[in-house]
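Peer 1: I'd like to go over a predicted model; first the sequence, then the structure.
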Amino acid sequence: MLLWWCPKCTAERFRHWRVFPREIFSCRFSVLTASVQSDYSSGDENLNVAPDNEIIRKRHRSLSSDSVVQTLRCLKRKPEVAFAYFKDTMSIGFHHDFSTYSEIVHILSHSRQGKMLVSVFCEIISPTASRVPEILPLMDHLRETCATSQILSFACNCLIKASTMCHGAHQTTEMFSHLCRLGYVPSAWACNFVLKFVAQSSEPEMVIAVYDQMKCSQLTLDAHSLSIVTRSLFQAKKIDEAFQVWFEMIEMGVKPDAHGYSSFVISLCDCGKYDLANAFLQEFTRKRVQIEAIAYNMVIDGLCKEMKLEEAEKVLETKTNQGCAPDVHGYSYLLRSYCKRGDLEKVSDHFVAMLSSGIEINCRVVGYLLQCLRKKGMTSEAIGHFQKFRDSGLHLDGILYNIAMDAYCKLGNINEAVKLLNEMVAGGLTPDKIHYTCLINGYCLKGDMENALQVVEQMLKSNIEPDVVTYNILASGYCRRGLFTKVLDLLENMTNQGLEPNSLTYAVVIDGFCRGGNLSEAELLFKSVEERGIDNIKVLYSAMVCGYLHSGWTEHAYILFLRVAQQGYLVDHFACSKLIKDLCGDGNVEGASTVFGVMLKENVVPDLFSYTKLISAYCQTGDMHNACLWFHDMVQRELSPDVIVYTAMMNGYCRAGRLKEACELFVQMTEKNIKPDVVTYTVLLDGQLKETLQQRWQGIAKEHRSFLLRAKYNDLLSSMKEMEIEPDVYCYTVLIDGQCKAEYLEEARGLFDEMLQKGLTPDVCTYTALINGYCSQGEIAKAEDLLQEMIDKRMEPDTLTFSVLQQKTLRSKKAQVYF
């Protein structure tokens, strides 16, 4: 019999054999029926008889479209069996036509057998299909015979799914559009299925085209449709189009769910539009829309990347207020960015907040804390926290071990770093190139090049090849030891190992040569590499400029800077700042100003330190015009002047006899909540004194001048007291000098004694000011006593001290000092 000719099919058929109603056996429902219908009553023993080819051909010829349709109709209440029968007849060579396909489609549609119906549709629309009916007439026939519109919609869904399995996005959208034009109404599920398929396999323009077709056909679109279309547009960076679709569908009455709103915010973040994402997030929150935690975290992450940390903190607060429990992700983003900023206080605050919220601390979060401590120079504290978390049972990863090892190396405790490396290995962690390089750096910092090389050998035994960074550290170590021959050998060894020294390698060597007093060797290497050419040559130029400056050759550094600038290069920020500082120190203020101009031309804004040096240098030369220009330039570039800059400007005005402008700057500074320091007050006190001396030549009475000076001094001293600023030695010297010139010698001596009571040691200038006061009042004996006190304290009076002591009785004292 035919059962054993097709075992897979007949096994399924045999499984259903005894469940058929008796009346079905009167129908010829399969090849099995065709072969055994007349013999069914003969018993099960007939199943063991294998048919020959002639029997199979006869049974095939006995099938007709009508008989197959009739059998299918008999099986309509058993759609699985009907489908199996349909496939079986096809497997023995029967070619189904329009009528048989129509019948099976009808049965599977009404019984909601989606997988089977999709399979049938795939056979029909497959590019390799042959001798099959057209799909659209089949769908029309189904429309005429189906019981409800839901059944037709179900069939449409299956056809669309089959199309996505057999065709690409273009053909699928064509079929979808054709169905819509013929009056078929795909469900919202079908619309979303097509949109998702097109979005995943095609360009966003096609997504928009399909979306427009759905709108024109007035199909039902829902929140899922909105998410698919907008997400596709956002992924293509078509933000304006995404906004248009979003607001358009909202106006159409589509109401996004929590996932839809969250997806919109996340998509904005994926496009890097963190401010917009935050604005929409806040708007959704005001509307009491539930937002998923991941959307909050994405916004926090984005704002942290842009270092808008205060706004990120507000998002975290909003998230908590909306009932979303804070998690490790939001906090870790904040910790990462505050660590980058070096704000240890904020890192500690958020770390404590995590602990108090019951959030489990992981190694990444601990890593941020330790990195911040290390960045702030709190190396011992970093080690202490590492030990505490290790003892608590926290899982430690390679990064944490590296941080701790580096900290031990910075403290010179290499043995502990080695212990940590061994502990890693014992714990199942494999040290990598970074861990070994950390140890090498530790040994190099101590000048122990022998052990550093042993670590390199250990790396090689572990099949870890040293990289350029490792060699750079070794080169730096050799330079510190003055082993310049070893440095050159190392460069040759790098080349032999297939590693090309980079610009940083040569920069390290040049810096080492210069610090070791081998400027000529550094120049030879620099010229050789420059002539040969190298990538990122800016690093090389920066190193040579710094090398000249370290060697005290400021003019050479300046000339190289100008030459490099003419070639279109700008040395790095550190080299520029150091050059500006040294030029100002050498009195070449115009040169420093030129460096500023070159930096600004390249859109590189000098830092506050550089502005301070340049402004102070102009103030020292009395050029307040240029000092003001650079001061205002700094403010316009959103650099906030600090107390040092303000004090330098006030000192410049006081030296130029423009006390009024200095006082105005003082008021401006305090209004900006910048607290003056003792130097600021000292500058103003000195300025008041100079103005009083100037008034001597303007005919102002002596008593009135003294009264004014004393009143101004008292005002400034009262202000200092309110701000809890204590005078230092220089400030006391100015005060004593002022009281002496105002002829208040008792007050001057009182200030001198007050210094001593506070533990401050008067310097030569302090003694000279008081000696001058006594001499001007004819109290030579007291002046002599002070001079003797200086000599007893092993303080050598300077020429100014002796210039105010012209009395004959003091000449012997002068001889005593020199002999």
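Peer 2: Looks like it arrived, so ask away.
Peer 1: show me the contacts for residue 580.
Peer 2: Contacts for residue 580 (C-beta atoms under 8 Å, 6 or more residues apart in numbering) come out as 592, 595-596, 606, 610, 613-614. Backbone N, C-alpha and C define where each C-beta goes, glycine included.
Peer 1: Could you point out which of those residues is nearest to residue 457?
Peer 2: Distance to residue 457 across those (C-beta to C-beta) is lowest for residue 610, with 44.9 Å.
Peer 1: ok, and what's touching the strand or helix carrying the closest one?
Peer 2: Following DSSP states H and E, one finds residue 610 within helix 608-621. Helix 608-621 is contacted by residues 576-577, 580-581, 584, 587, 589, 592-593, 596, 606, 624, 626-627, 630-631, 634, 639-642, 644-645, 648-649, 651-652, 655 when judged by C-beta under 8 Å, 6+ apart.
Peer 1: ChimeraX command to pick out the buried ones of those?
Peer 2: Per 16 or more other C-beta atoms under 10 Å, the buried members of those correspond to this ChimeraX selection:
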select :576,577,580,581,584,589,592,593,596,606,624,626,627,630,631,634,639,641,644,645,648,649,651,652,655
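Peer 1: Restricted to helices, list the contacts of helix 608-621.
Peer 2: With DSSP state H as the criterion, helices contain 576-577, 580-581, 584, 589, 592-593, 596, 624, 626-627, 630-631, 634, 644-645, 648-649, 651-652, 655 from among those.
Peer 1: in which helix or strand would I find the closest residue to residue 547 other than its chain neighbours?
Peer 2: Spatial nearest neighbour of residue 547, chain neighbours left out: residue 514 (3.4 Å); criterion: C-beta to C-beta, 6 or more residues apart in numbering. Assessed by DSSP H and E, residue 514 sits inside helix 503-515.
Peer 1: From the contact counts, what lies against that helix?
Peer 2: helix 468-481, helix 484-496, helix 519-532, helix 537-550 (3 or more C-beta pairs under 8 Å, 6 or more residues apart in numbering; DSSP states H and E).
Peer 1: try 6 Å this time
Peer 2: If contacts are counted by 3 or more C-beta pairs under 6 Å, 6 or more residues apart in numbering; DSSP states H and E, helix 503-515 sits against helix 468-481, helix 519-532, helix 537-550.
Peer 1: any idea of the angle the last one forms with helix 519-532?
Peer 2: Read it as helix 537-550. Using axes from the mean of the first three to the mean of the last three C-alpha atoms, to 10 degrees, the direction of helix 537-550 lies 160 degrees away from that of helix 519-532.
Peer 1: Could I get the average pLDDT for helix 537-550?
Peer 2: Per-region confidence: helix 537-550 scores 94 on mean pLDDT.
Peer 1: likewise the first one?
Peer 2: Across helix 468-481, pLDDT averages out at 88.
Peer 1: can you pull the buried residues of that helix?
Peer 2: 469-480.
Peer 1: Roughly how far does the nearest residue to residue 447 once chain neighbours are set aside sit from residue 501?
Peer 2: Spatially, and ignoring its direct neighbours in sequence, residue 447 is nearest to residue 481 (5.5 Å; C-beta to C-beta, 6+ apart). Separation of residue 481 from residue 501 (C-beta to C-beta, to the nearest Å) stands at 19 Å.
Peer 1: now do residue 83
Peer 2: 72 Å.
Peer 1: and residue 125, how many neighbours?
Peer 2: By other C-beta atoms under 10 Å, 19 other residues sit near residue 125.
Peer 1: For it, give me its contacts.
Peer 2: 135, 166 (C-beta atoms under 6 Å, 6 or more residues apart in numbering).
Peer 1: now residue 188
Peer 2: Residue 188 neighbours (C-beta under 6 Å, 6+ apart): 220, 222.
Peer 1: Need phi/psi at it.
Peer 2: The phi and psi torsions at residue 188 (degrees, to the nearest 10) take the values phi -60, psi -40.
Peer 1: And for residue 639?
Peer 2: Dihedral angles (degrees, to the nearest 10) for residue 639: phi -100, psi 130.
Peer 1: oh, and call the first residue 15 from now on, that's how I've got it
Peer 2: OK, 15 is where the count begins now, so the last one is residue 653.
Peer 1: now residue 614, nearest residue through space, not along the chain?
Peer 2: Counting by C-beta to C-beta, 6+ apart, the residue nearest residue 614 is residue 620, at 7.7 Å.
Peer 1: again but with residue 352, I slipped
Peer 2: Closest to residue 352 by C-beta to C-beta, 6+ apart is residue 360, at 4.2 Å.
Peer 1: Could you measure from the one you found over to residue 656?
Peer 2: For residue 360, the distance to residue 656 - C-beta to C-beta - is 21 Å.
Peer 1: ok, now residue 238?
Peer 2: Look at residue 238 and residue 656: by C-beta to C-beta, they are 56 Å apart.
Peer 1: Counting neighbours, what do you get for residue 325?
Peer 2: Burial of residue 325 is recorded as 17 neighbouring residues (other C-beta under 10 Å).
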